[in-house]
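Peer 1: here is the input, now give the coordinates:
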Amino acid sequence: MKGMSLFSNVGIGEYFFKESGIEIIAANELISNRAKFYKHIYPDSEVICGDITDKKIFNKLVNIYKERNCEFLLATPPCQGMSIAGKMDTHDIRNQLVKYVIEFVKKVEPKNIIIENVAGMLKFPITINSKSVLIKDYLLDSFKKMGYFVNFGVLDAADYETPQSRRRSIFLVSKYRLWEFPNKSSKITVLEAIGDLPSLESGQDSGIKYHKAKVHNDNHIKWMRNTPSGESAHKNRIHFPIKKDGSRIKGFSTTYKRIDWNKPSPTITMCNGAVSSQNNVHPGRINKDGTYSDARVLTILELMRLTGLPDNWNIPEWASENMIRNVLGESFPPKFSQKLLETMPRGYKNAKTTKNR
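Peer 2: Numbering: from 1, shown residues only. Have a look, this model is predicted:
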């Protein structure tokens, strides 16, 4: 089955689609270096770089979809305006991009559609004809009017073969019948995902591709060396985060925090390169002197594994570390998205009514 990806980032979400019989023949991404990254990974796909709100870009995508006889659509519109890690801004123009997904569907009538966004999308409003409507209700009403069956809910990537807890709003939409959510998988821990990789301290390079530690300042290293696995340095009795004037830094308990070996990783954010941001520090192992090893943020390789990508993910050599960290922090985990395809309807049968979880 041929398909298209909208708001594609670098195509992490569709990485395993071919294994499940979905060929993404074209993708749309606004940011040029991400479009270039996408083309590097998927050289056989046509990548349309540009703003979907531009009529020329929108119409070009519609024409490609029709000309190539596509039947599947993956749409992951930007979520920063609705994310709890962002500003939760109801006026963020990016929240309106879901309208273009609906307009696109009206033009091309895909057989099956996946829409993915942050968990908060279900409770977030959007302006339709000068009225405030929940995005959830807008999507349900629009799809039902077009004759689609809709299944929606908040799912966690950690339940679907991904060693990362990442709760997302998922809409599974089909012309055929109700698209059921797949059965949950056993959870994969951080230890199972990255426990075999060599220990590293600030600035060290293991010699394994993409397993190189970022350089951190002496204070961050001291605070984290004295922080146990799964804990925040804010809880330290002595070596807690302080300002230059010696006063204590106030912050959430998720900051200056080591992740836990025995659970899936917390959600990886775009700020995954900062010790001071949320849940970014390696779990570490206790040293003989009572301190903890790996006083650093996760390496690119560790982030890849916790996202569900293989070690040989084909990153272009020109991509900066910051760019790679950003796209991983905004990704739709690929094993998660692939699991959703296991129950995708592929033909007409007796249909059920709308369902949500």
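
Peer 1: where are the low-confidence patches of the stretch 1-150 of the chain?
Peer 2: Scanning the stretch 1-150 of the chain for pLDDT under 70 picks out 79-95.

Peer 1: quick one, helices of it?
Peer 2: For the stretch 1-150 of the chain, the helices defined by DSSP state H, counting those that start in this stretch occupy 32-41, 55-67, 98-108, 135-145.

Peer 1: is it true that I102 touches D141?
Peer 2: No - using Cβ atoms under 8 Å, I102 is not in contact with D141, being 9.7 Å away. C-betas here are computed from N, CA, C, even on glycine.

Peer 1: want to throw the helices of the stretch 1-150 of the chain into CSV with mean neighbour count and distance to T267?
Peer 2: What follows is these, written out as CSV (neighbours: other Cβ atoms under 10 Å; distance: least, Cβ to Cβ, whole Å):
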stretch, mean neighbour count, distance to T267
helix 32-41, 19, 20
helix 55-67, 15, 30
helix 98-108, 18, 21
helix 135-145, 18, 20
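
Peer 1: mind checking which of those is nearest T189?
Peer 2: For the helices of the stretch 1-150 of the chain, the distance to T189 is smallest for helix 32-41, at 27.8 Å, taking Cβ to Cβ.

Peer 1: how close does G273 get to R296?
Peer 2: Using Cβ to Cβ, to the nearest Å, we find G273 at a distance of 10 Å from R296.

Peer 1: now the common contact residues for these two.
Peer 2: Taking Cβ atoms under 8 Å, 6 or more residues apart in numbering as the criterion, G273 and R296 both touch K214.

Peer 1: pick out whichever of these two has more residues nearby.
Peer 2: R296 (24 against 20; other Cβ atoms under 10 Å).

Peer 1: I figured that one hits L200, correct?
Peer 2: Yes - using Cβ under 8 Å, R296 is in contact with L200, at 6.5 Å.

Peer 1: before we move on, the earlier item: okay if I get the helices of the stretch 1-150 of the chain as TSV plus distance to I25?
Peer 2: Formatted as TSV, the helices of the stretch 1-150 of the chain follow (distance: least, Cβ to Cβ, whole Å):
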stretch	distance to I25
helix 32-41	13
helix 55-67	8
helix 98-108	13
helix 135-145	23
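
Peer 1: any idea which of the ones you listed gets closest to Y292?
Peer 2: With Cβ to Cβ, the closest approach to Y292 among those belongs to helix 32-41: 34.7 Å.

Peer 1: from the contact counts, what lies against the closest one?
Peer 2: Applying 3 or more Cβ pairs under 8 Å, 6 or more residues apart in numbering; DSSP states H and E, we find helix 32-41 packed against strand 23-29, strand 46-49, helix 321-329.

Peer 1: cutoff 6 Å now
Peer 2: Using 3 or more Cβ pairs under 6 Å, 6 or more residues apart in numbering; DSSP states H and E as the contact test, the elements touching helix 32-41 are strand 23-29, strand 46-49.

Peer 1: mind listing what F7 touches?
Peer 2: F7 sits next to T76, P77 when contact means Cβ atoms under 6 Å, 6 or more residues apart in numbering.

Peer 1: do that again at 8 Å, thanks
Peer 2: F7 touches N28, E29, L30, I52, A75, T76, P77, P78, L97, counting by Cβ under 8 Å, 6+ apart.

Peer 1: now those residues: which count as buried?
Peer 2: Neighbour counting by 16 or more other Cβ atoms under 10 Å classes N28, E29, L30, I52, A75, T76, P77, P78, L97 among the contacts of F7 as buried.

Peer 1: dump these into JSON lines; add distance to M146 as well.
Peer 2: JSON lines is the format used below for those (distance: Cβ to Cβ, whole Å):
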{"residue": "N28", "distance to M146": "21"}
{"residue": "E29", "distance to M146": "26"}
{"residue": "L30", "distance to M146": "26"}
{"residue": "I52", "distance to M146": "19"}
{"residue": "A75", "distance to M146": "15"}
{"residue": "T76", "distance to M146": "20"}
{"residue": "P77", "distance to M146": "18"}
{"residue": "P78", "distance to M146": "24"}
{"residue": "L97", "distance to M146": "19"}
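
Peer 1: between R296 and L200, which contacts overlap?
Peer 2: Common neighbours of R296 and L200 (criterion: Cβ under 8 Å, 6+ apart): A213, H282.

Peer 1: any regions of the stretch 151-300 of the chain where pLDDT drops low?
Peer 2: Looking at the stretch 151-300 of the chain by pLDDT under 70, you get an empty list.

Peer 1: which stretches in it count as strands?
Peer 2: 167-174 (DSSP state E, counting those that start in this stretch).

Peer 1: what about the helices in it?
Peer 2: 190-194, 218-225, 300-307.

Peer 1: which of these sits closest to N69?
Peer 2: Proximity to N69 (Cβ to Cβ) singles out helix 300-307 among these, at 31.6 Å.

Peer 1: taking helix 321-329 as reference, get the angle to that closest one.
Peer 2: 10 degrees (axes from the mean of the first three to the mean of the last three Cα atoms, to 10 degrees).

Peer 1: show me the beta-bridge partners of L6.
Peer 2: N28, A75 (DSSP bridges).

Peer 1: tally of neighbours for G329?
Peer 2: By other Cβ under 10 Å, 17 other residues sit near G329.

Peer 1: wait, what's in contact with it?
Peer 2: The neighbours of G329, taking Cβ under 8 Å, 6+ apart as the test, are I268, T269, M270, C271, N272.

Peer 1: now which of those would you call buried?
Peer 2: I268, T269, M270, N272.

Peer 1: so who does the third one touch?
Peer 2: Looking back up the chat, that one is M270. Counting by Cβ under 8 Å, 6+ apart, M270 has contacts A85, R325, N326, G329, E330.

Peer 1: thanks again, I'm all set now.
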